[in-house]
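Student: quick one: sequence plus predicted model below, questions after.
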Amino acid sequence: MSTILKKLTMAVRDPVLVCDYFQSHFCSKQQSSPSFDPSQYKSGIKVEIEPLQISGNIMTFSWNSNGRIPGILKNKWTLEYPPYIDLTSIPRELLWMMYAMMTSEFFAWTSKIVIALPEKFDERFLIWWKGVLEINHRANPYNRNLADDSDFIFYNGKQQYDNSPNKWQDQIQIACMNGLGKDALAQIGLVKELSQEPILAVTVEHPWLFNKFNVYSKLRENCMRLEQHDIRPVFVSSQIKESFDFKIIPWYIFSLPLLYVHNVSICYHAEELDFHKYLNGVPIKPNTTIILLESINRILGYLDYDIKFKSGIVPLSSFGTQKLLIERYPQLQRFQASCMRQYPACSRCRKCQSHMAYISLCGKDYRDFGYHNVDIVSALTINPTELLDLERESQHHAFNKISGVTDSLDWVEKYYEDALPYAVLGAERILKQHFDSFTGPFNSYGIFEYDAYWWSKFADAICNGSGFVE
């Protein structure tokens with residue numbers, strides 16, 4: 001009851017939150033979710049994947065299973081690329097790698113799954129795919145009723161496909177994933193300054209965050225304005241919400257066809273300082289970690305593709321990327337769209353409040369950055385049990401600091417020298433001008449681990465099919 005009263009109290013001050021609250025609290029209850037028996041996922045499920053359907057720049061994955069897999073809403077998923085992309089010229093492994101990454105979290109619900117493939121794949125690719133499933137199965141972030149052991153089996157297909165000759169576009173060596181958030185924009189600024197090269201900015205459109213199309217159109221319009229900074233925006237569209245019921249999505253993997261066509265050698269995914277909450281010996285959200293990026297780099301290298309994924313901002317914390325964006329790249333900060341409710345920002349949701357706190361910590365007035373004149377919530381209102389990841393710890397520290405409360409989390413204003421090999425080459429020179437250096441690990445709360453050596457070991461384990469480091 002107290003939770004409902006808090007939400008309604010805030011909703012009275014904001015009509016948008018009124019609508020959001022009643023829609024989520026009442027409308028969703030009218031649609032009953034299909035029932036399922038968790039025990040059946042211990043005995044196994046068979047997934048039969050249908051041949052990939054390609055029509056120019058649009059491709060559709062579809063599959064059938066002998067039982068419901070939680071989290072999969074529809075056994076069909078479509079991606080649309082820019083009109084100049086001919087997906088028939090893209091190597092098949094790169095296309096199927098996207099399917100493997102998107103479905104791994106759900107297929108890993110099972111303790112045993114048999115996957116029948118529609119075409120023939122390299123055995124090393126299948127071993128990597130099995131490793132991705134294994135690490136997701138072990139992570140089990142929702143305490144699912146799974147058996148300790150797992151068995152993921154692939155039936156390789158017989159059909160082989162030859163790719164058409166490549167139709168190279170203008171060659172751009174560097175790409176950055178872009179969603180107009182603080183992390184993506186700070187990374188674009190850092191990469192652009194250090195490389196002095198044109199950048200391909202890949203935005204994956206996922207219209208579940210905003211119900212109104214005019215809001216989404218505004219975000220696309222702002223992405224297009226990046227062209228004035230020699231940053232070329234391209235878009236990938238997918239109605240993900242219709243097929244999958246989750247939000248921790250490995251966006252970077254959607255860029256593979258564009259990277260191949262443009263002959264891009266490095267794609268930067270805005271992954272912040274890679275602390276991980278560990279369960280069962282593996283990161284709780286493995287698909288969006290440096291570990292997965294490293295494993296993908298290894299399998300791409302084995303398959304002879306000169307494509308690598310890195311994170312340009314990995315030495316920074318959540319607050320650090322906002323600080324860098326405000327202090328060094330204000331020309332990009334004006335495009336920032338971090339609110340999860342609307343555009344322009346609502347100034348009341350948790351995302352807005354944390355960024356307003358960050359801006360205040362930088363000695364700036366958040367009203368000059370598009371936020372309304374509202375009070376920032378007290379840190380005392382934050383449930384300590386929610387502090388399960390670095391972003392929330394950073395938010396908690398920011399709320400404390402602007403309200404004059406002392407805590408021991410000054411590390412959010414530092415960068416980690418240990419992480420520099422994973423960042424943009426030459427980033428240390430710039431970071432030293434804005435942050436003090438610090439060598440990890442930080443583990444005073446006992447729930448985070450940071451060790452670049454283990455990142456590499458985990459990546460090797462995934463490529464070897466185990467997904468686990470003893």
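Tutor: Yes, it's here.

Student: centre of the chain to stretch 235-251, how far?
Tutor: Distance, stretch centre to chain centre, for stretch 235-251: 10 Å (CA atoms, centre = their mean, to the nearest Å).

Student: next, the buried residues of it.
Tutor: Across stretch 235-251, burial judged by 16 or more other CB atoms under 10 Å covers 235-238, 240, 243-244, 249-251. (Each C-beta comes from the backbone N, C-alpha and C, glycine too.)

Student: ditto for stretch 453-466
Tutor: 454-456, 458-466.

Student: which one among those gets closest to Ser347?
Tutor: Minimum separation from Ser347 among the buried residues of stretch 453-466 (CB to CB) is found for Trp455, which lies at 36.9 Å.

Student: dump the residue contacts of that closest one.
Tutor: 274, 289-291, 294, 422 (CB atoms under 8 Å, 6 or more residues apart in numbering).

Student: and it, what pLDDT?
Tutor: What the model reports for Trp455 is a pLDDT of 77.

Student: can you classify the spatially closest residue to Ile49 that is not a sequence neighbour as helix, strand or coil?
Tutor: If the residues on either side of it in the chain are set aside, Ile49 comes closest to Trp63, at 4.5 Å by CB to CB, 6 or more residues apart in numbering. Put simply, Trp63 is strand when judged by DSSP: H, G, I helix; E, B strand; the rest coil.

Student: tally of neighbours for Trp63?
Tutor: Using other CB atoms under 10 Å, the number of residues around Trp63 comes to 18.

Student: so how far is Arg367 from Ala345?
Tutor: Computed as CB to CB, to the nearest Å, the Ala345 to Arg367 distance reads 11 Å.

Student: same thing with Ile45?
Tutor: With CB to CB as the criterion, Ile45 and Arg367 are 53 Å apart.

Student: what of Thr60?
Tutor: Separation of Thr60 from Arg367 (CB to CB) stands at 46 Å.

Student: where does the prediction get shaky in the stretch 101-250 of the chain?
Tutor: Along the stretch 101-250 of the chain, the parts satisfying pLDDT under 70 run over 140-150, 163-171, 206-216, 246-248.

Student: 80 instead, please
Tutor: 109-111, 139-150, 162-171, 205-219, 239-241, 245-249 (pLDDT under 80).

Student: what segments of it are helices?
Tutor: Taking DSSP state H, counting those that start in this stretch as the criterion, the stretch 101-250 of the chain contains helices spanning 123-139, 182-195, 213-224, 240-243.

Student: just the stretch 251-400 of the chain next, same as before
Tutor: With DSSP H, counting those that start in this stretch as the criterion, the stretch 251-400 of the chain has helices spanning 256-261, 290-302, 318-328, 330-333, 350-361, 390-402.

Student: as CSV, could you dump the C-alpha coordinates of the third one?
Tutor: Coordinates of each C-alpha in helix 318-328 appear next as CSV, following Å, rounded to 0.1, in the frame of the first residue of the first chain:
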residue,chain,number,x,y,z
SER,A,318,27.8,6.4,-14.7
PHE,A,319,28.5,9.9,-13.3
GLY,A,320,31.8,10.0,-15.2
THR,A,321,30.2,9.9,-18.6
GLN,A,322,27.8,12.7,-17.8
LYS,A,323,30.7,14.8,-16.4
LEU,A,324,32.8,14.2,-19.5
LEU,A,325,29.9,15.1,-21.8
ILE,A,326,29.1,18.3,-20.0
GLU,A,327,32.7,19.5,-19.5
ARG,A,328,34.2,18.5,-22.8
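
Student: looking at the buried residues of stretch 453-466, which are in helices?
Tutor: Among the buried residues of stretch 453-466, the subset assigned to helices under DSSP state H consists of 454-456, 458-463.

Student: redo the residues you listed as TSV? Include distance to Tyr371.
Tutor: As requested, those are arranged in TSV below (distance: CB to CB, whole Å):
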residue	distance to Tyr371
Trp454	39
Trp455	36
Ser456	41
Phe458	39
Ala459	39
Asp460	45
Ala461	44
Ile462	41
Cys463	44
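
Student: what is the nearest of those residues to Leu332?
Tutor: Trp455 (28.3 Å).

Student: before we move on, the earlier item: quick one: which of the ones in helices among the buried residues of stretch 453-466 is nearest Gly301?
Tutor: The closest of these to Gly301 turns out to be Cys463 (CB to CB; 9.9 Å).

Student: how close does Val424 get to Trp128?
Tutor: Counting by CB to CB, the separation of Val424 from Trp128 is 26 Å.

Student: oh sorry, the question was meant for Phe254
Tutor: For Phe254, the distance to Trp128 equals 18 Å [CB to CB].

Student: what of Ile430?
Tutor: As judged by CB to CB, Ile430 and Trp128 stand 34 Å apart.
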